[in-house]
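Trainee: Can you look at this prediction? I've put the sequence above it.
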4 protein chains.
Amino acid sequence: MLVVMSSYATEEEIAQVVMAIEQQGNVARVIQGGERTAIGILQNRGPVDPAPFLLLPGVKETIPVSKPYKLVSREFEQTDTIVTLGDVAIGGDHFVIIAGPCAVESETQALTIGRAVRSQGARLYRGGAYKPRTSPYSFQGLGEEGLKILAKVREETGLYIVTEAMDREQCDLVEEYADIIQIGARNMQNFSLLNRAGEARKPVLLKRGLSATIQEWLMAAEYIMAKGNRNVILCERGVRTFADHSRNTLDLSAIPVVKQESHLPVIADPSHACGRRDQVIPMSKASVAAGTHGLMVEVHHEPEKALSDGQQALFPTQFTQMVNEILPILTEKQRRRLLEDRNQRADGS
Amino acid sequence: MLVVMSSYATEEEIAQVVMAIEQQGNVARVIQGGERTAIGILQNRGPVDPAPFLLLPGVKETIPVSKPYKLVSREFEQTDTIVTLGDVAIGGDHFVIIAGPCAVESETQALTIGRAVRSQGARLYRGGAYKPRTSPYSFQGLGEEGLKILAKVREETGLYIVTEAMDREQCDLVEEYADIIQIGARNMQNFSLLNRAGEARKPVLLKRGLSATIQEWLMAAEYIMAKGNRNVILCERGVRTFADHSRNTLDLSAIPVVKQESHLPVIADPSHACGRRDQVIPMSKASVAAGTHGLMVEVHHEPEKALSDGQQALFPTQFTQMVNEILPILTEKQRRRLLEDRNQRADGS
Amino acid sequence: MLVVMSSYATEEEIAQVVMAIEQQGNVARVIQGGERTAIGILQNRGPVDPAPFLLLPGVKETIPVSKPYKLVSREFEQTDTIVTLGDVAIGGDHFVIIAGPCAVESETQALTIGRAVRSQGARLYRGGAYKPRTSPYSFQGLGEEGLKILAKVREETGLYIVTEAMDREQCDLVEEYADIIQIGARNMQNFSLLNRAGEARKPVLLKRGLSATIQEWLMAAEYIMAKGNRNVILCERGVRTFADHSRNTLDLSAIPVVKQESHLPVIADPSHACGRRDQVIPMSKASVAAGTHGLMVEVHHEPEKALSDGQQALFPTQFTQMVNEILPILTEKQRRRLLEDRNQRADGS
Amino acid sequence: MLVVMSSYATEEEIAQVVMAIEQQGNVARVIQGGERTAIGILQNRGPVDPAPFLLLPGVKETIPVSKPYKLVSREFEQTDTIVTLGDVAIGGDHFVIIAGPCAVESETQALTIGRAVRSQGARLYRGGAYKPRTSPYSFQGLGEEGLKILAKVREETGLYIVTEAMDREQCDLVEEYADIIQIGARNMQNFSLLNRAGEARKPVLLKRGLSATIQEWLMAAEYIMAKGNRNVILCERGVRTFADHSRNTLDLSAIPVVKQESHLPVIADPSHACGRRDQVIPMSKASVAAGTHGLMVEVHHEPEKALSDGQQALFPTQFTQMVNEILPILTEKQRRRLLEDRNQRADGS
């Protein structure tokens, strides 16, 4: 950290900052600038709290130099983390599609959609059993009944299951029934839930909060990793801005930045970002072009009857179109694999 | 709700929308505009989901007309809700000061600050026993030990206690020890926690989320009220914007708007909004002038040693200055009461 | 427009709103909702001002139903506008690359970069002669001297020239020397400049303002079209949000939305959006995947010596890489054309 | 500036950065941190461009240490700038009210409102002759005719005139007729206009841009001051955020921050920030409490007939109420002066 002194700071004030740094057991280095003096704090282990310095006379501001995250950082671990479920790999140079309805509504609905997306190459299935809803009067999900339906979808289609948990109790059940535990955007800084997810034996899909910086998002992942769970998948799902033509603004530059800063896989959810069906295909393609490790999209065979967010779900034919349109954007290896996953099913296997 | 048709919509498409509305048991009213047709949905109970209509051919968009909240709304309850704790009243034409450290660090620290703020007219004490921290490596609060210290502060000073709970388990303990359960900004849409708070026998202080609209904030309060707890206090604490000169942007127009839309009390927390001590006094005054029912401010006698957010805590002398400077802005009745609360203590009572 | 009455509104208040609508020569239609009454304003020509209605007793709010733009709208003109310069077409199913330095610095610099980008398939050249700079002490561009250099680039390379004008005087000169007049993000609502551009005989490239909604952006284009200039190209260049990992947040969903709402071509400028070289290639690819009609990117052969924004300029080899990487994302027709444009130059023609 | 090296940077890469700094004629100071090395750039005159360093191998990022503004800064000029017009002073410990309609519509309208606001203590009159409007089809102002009416308002009421200019031509006329030249939010970075305003012989009121940081706003003022005009008044008028309950979000913490960073006066315009009449009085009071040097508010005697922004204009009786309600918030000296200004008129002088 750098403590920047006011241009009026006296010699005594500078000396006081140096003393304060040394009292913490760190080393101070005084740097005489053109107009003002700054004092570097060296040999510190872990981040230094700026608060005590901001209170000393003559101090103008403090400037952090190092990043606060560690386990999630590319500097700590240079090799890409790859989360595996059977023969499915998430991260590195792999590409994966997660698809399904916003909410599990019935066995028929869940299976119909599951078969449709599996036949087009999806390998994971999304669907909420517990739904975070803005209104207490909206459909809140089927609960454990929904989790059982999800388990059945896996059994019948071979799709791996991603579903959200909103508290510790739900986490116990989701961990039992599902393959990946999702933490939603509204819970990105629900630290109790992050700690619980860090103890889970299943991978965690961590959505970016509505107004989270990349640093805050990585720090939320750091909570999970610090508890021992190294299988974290990040998911960009749009951030809140003044723009009113989409529900959120999909921040695709987050994809290359996260890949540079962290070794963790990062996927995109254009359905929640856009909130409108007609933007989902272009934004899915854009996400792939930006380098995402996977897509998470909502699909519903009867969106007009959906109990939640029907306006953003693709029709199965649109999902097929989406898969067709992303194929040319994938790498050769990713394309071959996606086509295999698709043909395998077309063959009835 | 209003379903707006595209200007190319055919008669058949319009008829189809009317049929869809009537199938839901509602009444459709076709409105021929200059360039296009809109169809009003009438006699609906509760909000109508726009999704099914957006899927019908010829539909351009849907426009909500009524607000989704009910129990929290001024239309439902015209009289101001007043939350009372002994002789302290929050809401209506009352004004109250909540003050204390960011986190409880020790009995000495907590009591020293408690006595200081009580002597200046504060009637409630804030202080975190469970701290939501961006980093897993930061001080996370003293836990139940902290709650016990808070109970002691109440005993010794007569201050009522407000403290945060981040999950159901913490909520059980906070409900036992404290007078008001705080739900923090990061948990504003932690629906499990909102449901739990709705079952609590203590009032709830609900902070506005970092990027919550007023409607979402009121809907979060609706969750609590829908479970039966009518004692909800709202707290504006700044929202996230592009601005970088303060930690958040205190959105003071939220105060008059909430007072118009809802009967619930609404207070302001300038400390978390600003994140810097030197902005807290002007923004406290501004909050009072905007009509807040109360202020929640951080005070620390040794902020340079604070384990959390020391840079935004007022020194006790600054807190005194703040109280002095808000006095002329209060109503006659509020000022008299604050002076009484202050003098009472000065008298040693 | 819809005038929504408060749920307490009396019959008299409703009648007064009806009268006010009819006095304006419009038709009022009273719609009795479940909880409250709304009054539609029908047969109006052009948008209705909500202000007078908001003042009447019993009125809760007004809701606009129709969009304020006309000439730019897809409803007004269903066929895509295609701006042509010689054999180059912008809009419809065409794709074009605009490349060059942030600022023209010298003839050698401008020509070196021009030849490099032309050899890779760019057909238009960007480069500022007048530079909008945050600081009055930064390099402000070469002025008319820069325009002369740009004309020389066109002469030597065959590239068409896009360059910015910041006021009416500069517009006169830019119109004389360049092929497309650029209006920058900071001037998107400089209405004097928009009016002047509307009188120009050259096409106008209109960048989206830093915090402009799509409606405001289209209204700015409406200013230009209303003055008679139908050759307007829109350019998404990122918007300002809380995110701090890129200079701006490239809002790619704007591309499909603009294409749906308007017949005008829309391109993307990832260089200004990202502000950092390492994000430009992924975001260029994402822009193409989202359906942009073209890319505008900054290229510099010696970015470390650039007088403006060097940190976001691609090196010529990176530009080549970018072209290679977008090729698979283009349509068959667009790819063939880009390869032709590139080979043509490789042949020395 | 500080050049931060990657933790993998080699000795050679560090040496290369040092050489690059020294080649610029500056002094490099190598600072060995715990995990990585940083290199300070010392004895530079004016800001250092980070671009060349970001390109060198091993460099992770650059961190600016000093602020880019000079003439506007409190460090450059410690004494408050006070702009005077006759016996009216803006800045320092003075407080002033600017009031009037959004747009000048007729002599009768302008004078009626002028007399009303003068009688309540306003000393300056606002009213647009040239109106920046989102739509080309909205009323654009009366132009020079409007300026003549404004001059008449001054003559008849003694109010000083503030009115907006949107380009150099308008600036010539506004400078002739008015007392203060206003630059609107949409033109805050119209650098041609800023340069012209810098040459004006009249003070300039510079509104904050819709999404301008305080640094950008001060840099815009720096443009004006750098051309020789030292009489700049800053005006906070709300910024664009996701919040939808007010037109913009009035960012009141900007007031104390600007007063700390700069010697220039800073006023607030709650009318444009809120966009709704019912928020204007509470936000006017909040602005005064935050320490603004003045208020700029819209007043209209017949807002339902206003040609522009009628929904945010106060009725004259509300303006009187506003003045009454801010009186207790002012300092003793400011209150006495405002009461004098009011009584003087009530006496018929």
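Mentor: It's in. Numbering: from 1, shown residues only, chains lettered A, B, ... in the order given.
Trainee: So which bits of the stretch 201-349 of chain A are right by chain C?
Mentor: Among all residues of the stretch 201-349 of chain A, those adjacent to chain C (criterion: C-beta under 8 Å from any C-beta of the partner chain) are A:211, A:213-214, A:239, A:241-246, A:249-257, A:260, A:273-274, A:278-279, A:282-283, A:285-291, A:328-329. In this view, the C-beta of every residue, glycine as well, is placed from N, C-alpha and C.
Trainee: In PyMOL, how would I select the buried members of these?
Mentor: Here is the PyMOL command that picks out the buried ones among those, judged by 16 or more other C-beta atoms under 10 Å in any protein chain shown:
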select buried, chain A and resi 211+213+214+239+241+242+243+245+246+249+250+251+252+253+254+255+256+257+273+274+279+282+283+285+286+287+288+289+290+291+328+329
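Trainee: The residues of the stretch 201-349 of chain A next to chain C in strands, which ones?
Mentor: Using DSSP state E, no member of those falls in strands.
Trainee: just checking: which of the residues of the stretch 201-349 of chain A next to chain C also lie near chain D?
Mentor: Within these, those near chain D by C-beta under 8 Å from any C-beta are A:241-242.
Trainee: Next step: the residues of the stretch 201-349 of chain A next to chain C restricted to helices.
Mentor: Counting by DSSP state H, the part of these found in helices is A:214, A:254-257, A:260, A:273-274, A:278-279, A:282-283, A:285-290.
Trainee: Distance of A:His94 relative to A:Glu77?
Mentor: Distance, A:His94 to A:Glu77, by C-beta to C-beta, to the nearest Å: 18 Å.
Trainee: Am I right that A:Thr62 is in contact with A:Leu2?
Mentor: Yes: between A:Thr62 and A:Leu2 a contact is recorded at 6.8 Å, counting by C-beta atoms under 8 Å.
Trainee: returning to that earlier point: okay, A:His94 and A:Glu77: which has more neighbours?
Mentor: A:His94 (19 against 16; other C-beta atoms under 10 Å in any protein chain shown).
Trainee: quick one, what contacts that one?
Mentor: Counting by C-beta atoms under 8 Å, 6 or more residues apart in numbering or on different chains, A:His94 touches A:82, A:293, A:334, A:337.
Trainee: From the structure, what's the count of residues near the residue lying closest to the first one once chain neighbours are set aside?
Mentor: Counting by C-beta to C-beta, 6 or more residues apart in numbering or on different chains, A:Ile82 lies nearest to A:Gly91, which is 4.1 Å off, once chain neighbours are set aside. A:Gly91 has 23 neighbours, counted by other C-beta under 10 Å.
Trainee: near chain B, which residues of the stretch 1-150 of chain A show up?
Mentor: By C-beta under 8 Å from any C-beta, the residues of the stretch 1-150 of chain A that approach chain B are A:46-47, A:49-52, A:54-56, A:68-69, A:132-137.
Trainee: filter the residues you listed down to the ones close to chain C.
Mentor: Counting by C-beta under 8 Å from any C-beta, no member of these is near chain C.
Trainee: of those residues, buried ones?
Mentor: Buried by 16+ other C-beta under 10 Å: A:47, A:49-52, A:54-56, A:68-69, A:132-137, out of the residues of the stretch 1-150 of chain A next to chain B.
Trainee: low pLDDT regions in the stretch 201-349 of chain A?
Mentor: Along the stretch 201-349 of chain A, segments meeting pLDDT under 70 span A:345-349.
Trainee: ok, A:Lys207 touching A:Gly238?
Mentor: No: counting by C-beta under 8 Å, A:Lys207 stays clear of A:Gly238, with 9.7 Å between them.
Trainee: wait, what's in contact with A:Met166?
Mentor: Counting by C-beta under 8 Å, 6+ apart, A:Met166 touches A:130, A:132, A:184, A:187, A:190, A:193, B:190-192.
Trainee: Swap in 7 Å and give it another go.
Mentor: Contacts for A:Met166 were tallied using C-beta atoms under 7 Å, 6 or more residues apart in numbering or on different chains; they are A:130, A:132, A:187, B:191-192.
Trainee: Please parse chain A into its domains.
Mentor: As recorded under automatic domain parsing, the domains making up chain A are A:2-63, A:83-346.
Trainee: tell me how far the ends of the shortest one are from each other?
Mentor: It refers to domain A:2-63. Distance across domain A:2-63, first residue to last, is 5 Å (C-alpha to C-alpha, to the nearest Å).
Trainee: State the distance from the closest residue to chain C within the stretch 1-150 of chain A to D:Ile31.
Mentor: Residue of the stretch 1-150 of chain A nearest chain C, by C-beta to the nearest C-beta: A:Lys67 (11.7 Å). Noted for A:Lys67: a distance of 17 Å to D:Ile31, by C-beta to C-beta.
Trainee: closest to B:Glu107 among the contacts of A:Met166?
Mentor: B:Ser192 (32.2 Å; C-beta to C-beta).
Trainee: Any chance of the backbone angles for the closest one?
Mentor: Torsion angles at B:Ser192 (phi, psi; degrees, to the nearest 10) stand at phi -60, psi -40.
Trainee: Excluding sequence neighbours, find me the nearest residue to it.
Mentor: Using C-beta to C-beta, 6+ apart and skipping residues adjacent in sequence, the residue nearest B:Ser192 is A:Asp167, 3.8 Å away.
Trainee: Quick check: A:Lys60 is in a strand.
Mentor: Yes: judged by DSSP: H, G, I helix; E, B strand; the rest coil, A:Lys60 forms part of a strand.
Trainee: Are we agreed that the residue of the stretch 1-150 of chain A closest to chain C is in a helix?
Mentor: No: counting by three-state DSSP, A:Lys67 is not found in a helix; it is coil.
Trainee: Show the model's pLDDT score for it.
Mentor: In the prediction, the pLDDT value recorded for A:Lys67 is 76.
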